[in-house]
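Q: got a sequence here, can you build the structure:
(4 chains)
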Number of protein chains: 2
Amino acid sequence: MSDERPDPGTVRPGGRTAKTREAVLRAAGDALAEDGFDRLDLAEIARRAGVGKTTAYRRWGTVPGLVADLLTEMAAESLPRTETGTLLGDLTAQARLVQSTLSDPRQGPLFKALITAAACDAQTADALHRFYRTRTDEWAPCVTAAIERGEVPAGTDPHEVIRAVSAPLYYRLLVDGGPIDQPTADRAARAAHTAAKAGAFTS
Amino acid sequence: MSDERPDPGTVRPGGRTAKTREAVLRAAGDALAEDGFDRLDLAEIARRAGVGKTTAYRRWGTVPGLVADLLTEMAAESLPRTETGTLLGDLTAQARLVQSTLSDPRQGPLFKALITAAACDAQTADALHRFYRTRTDEWAPCVTAAIERGEVPAGTDPHEVIRAVSAPLYYRLLVDGGPIDQPTADRAARAAHTAAKAGAFTS
DNA sequence: CCTTTAACGCAACTGGAGTCCCGTTATGAG
DNA sequence: CTCATAACGGGACTCCAGTTGCGTTAAAGG
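A: Take a look at the predicted model:
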């Protein structure tokens, strides 16, 4: 009885354990960006990280499990905020940030792989949703400010506006295959802005 | 030299070959919807289809290869068209069709798996893009008609409008994890309609 | 500093996905 | 109908992702 063992890394999280986690998560990000989700095994990631494969299997178990941990880590680091003073300006800045991220040679494939992993595993999906919830929360204030300025109707759902800006860009990345360029970003921002002003996102 | 062999199924496509293809594609769709993309192997699909696993490996080689064939098949079958007479009506009908598809217990997971497969394999990605290109082409005329009626500015890109309707729903399916319900669909249609009228989608 | 044991690394092992060989079925042409 | 061979099916085989056992290193508490 009571031979229950706590998850590895929770009892002695300092020194070597932290180093290992950092090295493996970094290697996992690199591998995901380069090879994609499906051609990955923990042994390869462990080799890149300079760590025994047994360690990787013991602590994370599966590739999706590791990705979930990576997402939790990514959610912790925050993004630089911008405040242009107008809603259209803020939304355009957001759209361009997403655009440059998704079209980046490293970040684009990485995000595609992260979303792919989430589609294959419930635990990873939870982590992904938390990650985007965090990001959306960071951007929401610019919509709230616009409501206070009277730029958009009261009752507008900030999260809905933020999602409307990102959605077309992710649609291209995952579904459509079309280009993810700055005109696309600006168009997404403009469309969301127009719709928001017209009260399309009031709850 | 010239020991090049044509792809299996191309020389004698009749009778048994066609039956096999049909059975395997059906089984593949079922398996994708139930288990998802990553826990799939061709042997299991072959077993479901009542076909030798050697046949499946010889003709399709890999799971993504099979999914690509399934997508080609799906692109061939057309969707029922609707004509309500107004752009908002047509876009709402489209949004609700996508919504009911993505929230369907079988179709939702299936589409998620198809997109996941496309994210892992270039050939499958091509097939997916062709599939959505076909679907978008089927819907585009309702925007063209709206331009002719003067509902939206000349120069509006029909494909861009169609994409704007679908994008928020796919965003929820793949990225956000939020509910895919009828209010969401109607909101997407309304937002796209408003933005289109305001000229946000002119090229 | 000393002790306990969490966490690690190496190497041997295992199971199942994917391949190969070869005999059988049945398509399509003449 | 007959023939050549495309396509299929069963089963043995291979190879590597993931597991297990055990000795080693070092984190945390005293």
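
Q: mind listing what's buried along stretch A:102-117?
A: For stretch A:102-117, a neighbour-count test (16 or more other Cβ atoms under 10 Å in any protein chain shown) marks A:102, A:103, A:108, A:109, A:110, A:111, A:112, A:113, A:114, A:115, A:116, A:117 as buried. (C-beta placed from N, C-alpha, C; glycine too.)

Q: is any residue of that stretch near chain B?
A: Yes - Stretch A:102-117 is in contact with chain B by Cβ under 8 Å from any Cβ of the partner chain, via A:112, A:113, A:115, A:116.

Q: give me the distance from the biggest helix by length in chain A to the chain's centre.
A: Looking across chain A with DSSP state H, the single longest helix is helix A:122-149. In terms of Cα atoms, centre = their mean, to the nearest Å, the centre of helix A:122-149 is set 10 Å apart from its chain centre.

Q: was I right about residue A:32 contacting residue A:111?
A: No - using Cβ atoms under 8 Å, residue A:32 is not in contact with residue A:111; the gap is 9.3 Å.

Q: strands of chain A, residue ranges please.
A: In chain A, no strands are defined using DSSP state E.

Q: which pair of the residues of stretch A:102-117 next to chain B spans the longest distance?
A: A:113 and A:115 (7.4 Å; Cβ to Cβ).

Q: shared neighbours of the two, anything?
A: residue B:119 (Cβ atoms under 8 Å, 6 or more residues apart in numbering or on different chains).

Q: residues of chain A that sit close to chain B?
A: Going by Cβ under 8 Å from any Cβ, the residues of chain A near chain B are A:36-39, A:112-113, A:115-116, A:118-121, A:125, A:128-129, A:132, A:160, A:163-164, A:166-168, A:170-171, A:174-178, A:187, A:190-192, A:194-195, A:198, A:200-201.

Q: between the residues of stretch A:102-117 next to chain B, which is nearest residue A:51?
A: residue A:113 (20.5 Å).

Q: residues contacting that closest one?
A: A:32, A:33, A:36, A:37, A:67, B:119.

Q: rewinding a little: out of the residues of chain A next to chain B, which are buried?
A: A:36-38, A:112-113, A:115-116, A:118-121, A:125, A:128-129, A:132, A:160, A:163-164, A:166-168, A:170-171, A:174-178, A:187, A:190-192, A:194-195, A:198, A:200-201.

Q: hmm, stretch A:58-70 in reach of DNA strand D?
A: Yes - between stretch A:58-70 and DNA strand D, judged by Cβ under 7 Å from any atom of the strand, the touching residues are A:58, A:61, A:62, A:63.

Q: farthest pair in the buried residues of stretch A:102-117?
A: Farthest-apart pair in the buried residues of stretch A:102-117 is A:103 and A:117; separation 20.5 Å (Cβ to Cβ).

Q: tell me the domain ranges of chain A?
A: In the domain annotation for chain A, the residue ranges read A:15-62, A:78-197 (automatic domain parsing).

Q: and the first one, end to end?
A: If I follow you right, that is domain A:15-62. For domain A:15-62, the first-to-last residue distance is 24 Å (Cα to Cα, to the nearest Å).

Q: average model confidence for that domain?
A: Per-residue pLDDT over domain A:15-62 has a mean of 95.

Q: before we move on, back to that, closest one of the buried residues of stretch A:102-117 to residue A:47?
A: Scanning the buried residues of stretch A:102-117 for proximity to residue A:47, where the rule is Cβ to Cβ, the winner is residue A:113, at 18.5 Å.

Q: look up how far residue A:39 lies from the closest one.
A: Distance, residue A:113 to residue A:39, by Cβ to Cβ, to the nearest Å: 10 Å.

Q: could you count how many residues lie near the closest residue to residue A:24 other than its chain neighbours?
A: Nearest in space to residue A:24, with sequence neighbours left out and distances taken as Cβ to Cβ, 6 or more residues apart in numbering or on different chains, is residue A:49 at 4.5 Å. Residues within reach of residue A:49, counting by other Cβ atoms under 10 Å in any protein chain shown, total 23.

Q: what sits against residue A:49?
A: Applying Cβ under 8 Å, 6+ apart, the residues contacting residue A:49 are A:20, A:23, A:24, A:26, A:27, A:56.

Q: correct me, but residue A:125 touches residue A:118?
A: Yes - when contacts are counted by Cβ under 8 Å, residue A:125 is listed as touching residue A:118 (4.4 Å).

Q: wait, which of the buried residues of stretch A:102-117 is closest to DNA strand D?
A: residue A:117 (12.8 Å; Cβ to the nearest atom of the strand).

Q: need the pLDDT of that closest one.
A: With respect to pLDDT, residue A:117 has a value of 96.

Q: wait, it touches residue A:64, no?
A: Yes - look at residue A:117 against residue A:64 with Cβ under 8 Å: they come within range, at 5.1 Å.

Q: show me the common contact partners of these two, please.
A: With Cβ under 8 Å, 6+ apart as the test, residue A:117 and residue A:64 both reach residue A:124.
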